[in-house]
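Undergrad: I would like to see how this sequence folds:
(4 chains)
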Number of protein chains: 2
Amino acid sequence: MKSDTVYKRTFNQMLDLIQDHPVGAALPSETVLASELGASRTTIRKVIDELCAAGLLRFEARRRIVLSHDCGGLYHPVVETVSASDRLEKLFMEWMLRGDAKPGTAINEAEMARRFGISTTGIREFLNRFSRFGLVERRPGSGWVFKGFSESFASELFEIREMFELRSALAFCRLPREEACWKKLGQIEQEHHALLADIETRFHDFSDLDDRFHRLVIHGAPNRFIEDFYDIITFVFHYHYQWNKKSEKQRNRTAIVEHLRYIEALRSGDEATVDAACRAHLKSARLTLFQSMINETAPAGTKDNGA
Amino acid sequence: MKSDTVYKRTFNQMLDLIQDHPVGAALPSETVLASELGASRTTIRKVIDELCAAGLLRFEARRRIVLSHDCGGLYHPVVETVSASDRLEKLFMEWMLRGDAKPGTAINEAEMARRFGISTTGIREFLNRFSRFGLVERRPGSGWVFKGFSESFASELFEIREMFELRSALAFCRLPREEACWKKLGQIEQEHHALLADIETRFHDFSDLDDRFHRLVIHGAPNRFIEDFYDIITFVFHYHYQWNKKSEKQRNRTAIVEHLRYIEALRSGDEATVDAACRAHLKSARLTLFQSMINETAPAGTKDNGA
DNA sequence: TCCTTGTTTTTTATGGATAAGAGACATCGA
DNA sequence: TCGATGTCTCTTATCCATAAAAAACAAGGA
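TA: Prediction:
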């Protein structure tokens, strides 16, 4: 049976929304709510019904009037708002990054299902989707092998990343200046300046900006395989640095500065400059990643020597 | 319920095997049979039981004696020997390459399940696995978009292929001559010569050789992402040229000659030569593919102009 | 004539069931 | 002792069921 995580998440969001409105005010129409909260009208209506029953809203003359802000214990626990597959992803990465699994370990679906408390169907789907990240591999015959978040993984990842990014950066700087992406680049550059000025408090915002910057560069000369590959990068960085917060602020500050040089290089239109700035940034990103792997996450056995 | 395709396939293979043995001779042990036919002993035993019941074999004193070659109508139909997922893959590719689906079409799981007569779970698994080929894409929200085997697909594919192969070829020619791969290269070279000599009759054997050659080159400096990507190439070529047999012999002959030059270049160790030979081969492969796309498969509407 | 809301239909997420197939263990004859 | 066969257990492929969500449709009021 499908779980009702969407409902619960939407319910919580709606509680937030109610508190943003003064008592007596009206909430937007169902359609608007649906698109704002990212759910279907069906779900929105269910939530509204529930909230009316709880006495927080009143439905009158096509308007949903806020009756009270008293949402004390109404919030649904956050765990219940994430879908089974997202939960599994998180559990799995946690398990992996904590180093519970040595590279080379065979895992089978049935066992995983037991370990993570998720149906085998769910496990199987997850492994299938996940295998593109190169961290697990289906073994001919049966079962899966766990490849580990190892140094060889990271270095193979970076080798590709460098090829792709260099290619994209050069292609980008050759684009005619009228192209929309130059304008977007300007905006992103502004965001970098803004973030840098405020780095002390807002350094967490960097990873999103980083992602948008690199994706913009890459998208200048679109290639679905390159863009798909960037999903892997995003994913890996997301989890790795979630487990590994050491010197995050400093790390991000450095990266911002490198990005700004990189952007400047792109503007210059000079390919040698672009090449140099891009390489410099990637080299430093790689180094940072490796250092954080060696110092923190990887207990003995998590490092391998390539295959 | 799991289908018994393994059993049926094994049964058919065993019939072949029986006919290879004179009446009165004994088949190998269960263990040996299992490993030779690529199935588990469980399956082998089931097949043997069945064949004994059919009077083709007799089990006496630990030996399986062939009693007769009379396997007339015993073969299971070939369709019943392929697993649901393989069947789906084939159906889907057929549907796609025949041009029944215009690029950009949204497909949903339920509809596909109906169209192909396979459970939605099966469809979903297929789409998940298949999405890495870049021909379908999960749409945020729900459903899938069919991207089409278009020119832009092929050209994006080749762009990556060229990057990867060039990198691998250069890495390969730098490998010390003692490495095992040089020996393997020699063997593969021989196979090329042999095939070329016999091209009139054996030209179908090229695609397998082609695959092994490129994978050998690539594997010289292993990178899981590159090797994974080569799966896509293999897959695409496999299906495309299955639908498109035009001038296959000529095409393969040309490729063999190019490979031989490429191999020679690798041996020379001179990077410029390698670079040139590799590029030449890829350029010609690309051209061939494009021509065959334009001339045969793609009806109007199958070509797009990139996204 | 549109936006809103009420209602119905379709699709998707997720767990469960089950026979097929794989693998592990036990036994036995040379 | 060791490979072969017999037996038992566990895993996987595959379909089905069902509630949740999404989408499509219908009707009503400014």
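
Undergrad: ok, now how distant is A:G104 from B:D4?
TA: 33 Å (CB to CB, to the nearest Å). For the C-beta atoms, the positions are set from N, CA and C on the backbone; glycine is no exception.

Undergrad: wait, I meant A:R124
TA: 20 Å.

Undergrad: Pretty sure A:I160 sits against B:E227.
TA: No: at 11.4 Å, A:I160 does not count as touching B:E227 under the criterion of CB atoms under 8 Å.

Undergrad: Pick out whichever of the two has more residues nearby.
TA: Neighbour comparison, A:I160 and B:E227: the larger count goes to A:I160, with 22 against 17 (by other CB atoms under 10 Å in any protein chain shown).

Undergrad: is it fair to say that one lies in a helix?
TA: Yes: counting by DSSP: H, G, I helix; E, B strand; the rest coil, one finds A:I160 located in a helix.

Undergrad: Just the pLDDT at the residue in the stretch 201-307 of chain A that DNA strand C sits nearest to, thanks.
TA: Scanning the stretch 201-307 of chain A for proximity to DNA strand C using CB to the nearest atom of the strand identifies A:D231 as nearest, at 17.3 Å. With respect to pLDDT, A:D231 scores 95.

Undergrad: Which of the three states applies to it?
TA: helix.

Undergrad: for chain B, what are the nearby residues on chain A?
TA: Neighbours of chain B within chain A, by CB under 8 Å from any CB of the partner chain: A:121, A:124-125, A:128-129, A:132, A:134, A:147, A:153, A:156-157, A:159-160, A:163, A:167, A:222-226, A:228-229, A:232, A:306-307.

Undergrad: now those: which count as buried?
TA: Buried members of these, scored by 16 or more other CB atoms under 10 Å in any protein chain shown, are A:124-125, A:128-129, A:132, A:134, A:147, A:153, A:156-157, A:159-160, A:163, A:167, A:223-226, A:229, A:232.

Undergrad: Let's see which of those residues end up in helices.
TA: Among those, the ones falling in helices (DSSP state H) are A:124-125, A:128-129, A:153, A:156-157, A:159-160, A:163, A:167, A:224-226, A:229, A:232.

Undergrad: which ones among those residues come in contact with DNA strand D?
TA: Restricting those to those near DNA strand D by CB under 7 Å from any atom of the strand leaves A:R124.

Undergrad: quick check, nearest of the ones in helices among the buried ones among the residues of chain A next to chain B to A:G73?
TA: A:G73 lies nearest to A:E125 out of these, by CB to CB, at 34.6 Å.

Undergrad: Quick one: residues contacting the closest one.
TA: Going by CB atoms under 8 Å, 6 or more residues apart in numbering or on different chains, A:E125 touches A:S85, B:R124, B:E125, B:N128.

Undergrad: How many residues are close by the first one?
TA: A count of nearby residues for A:S85, using other CB under 10 Å, gives 14.

Undergrad: Report the secondary structure state of it.
TA: Applying three-state DSSP to A:S85 yields a three-state assignment of helix.

Undergrad: And the nearest residue to A:G148 once chain neighbours are set aside, its phi and psi?
TA: Of all residues not flanking A:G148 in the chain, A:P103 sits nearest, at 2.8 Å (CB to CB, 6 or more residues apart in numbering or on different chains). The phi and psi values for A:P103, taken as degrees, to the nearest 10, are phi -60, psi 140.

Undergrad: What is the neighbour count of A:P103?
TA: Using other CB under 10 Å, A:P103 has 19 other residues around it.

Undergrad: Mark out where each domain of chain A begins and ends.
TA: With domains defined by automatic domain parsing, chain A comprises A:5-79, A:84-146, A:151-297.

Undergrad: Most distant residue from the centre of chain A?
TA: A:A61 (41.6 Å; CA atoms, centre = their mean).

Undergrad: gap between that one and chain B?
TA: Note on A:A61: its distance to chain B, by CB to the nearest CB, to the nearest Å, is 32 Å.

Undergrad: tell me which parts of the stretch 1-150 of chain A are close to DNA strand D?
TA: A:1-8, A:39-43, A:46, A:108-111, A:120-121, A:124, A:142-143.

Undergrad: and DNA strand C, which of those contact it?
TA: Checking those against DNA strand C (CB under 7 Å from any atom of the strand), the matches are A:M1, A:K2, A:S3, A:T5, A:R41, A:T42, A:T120, A:T121, A:S142.
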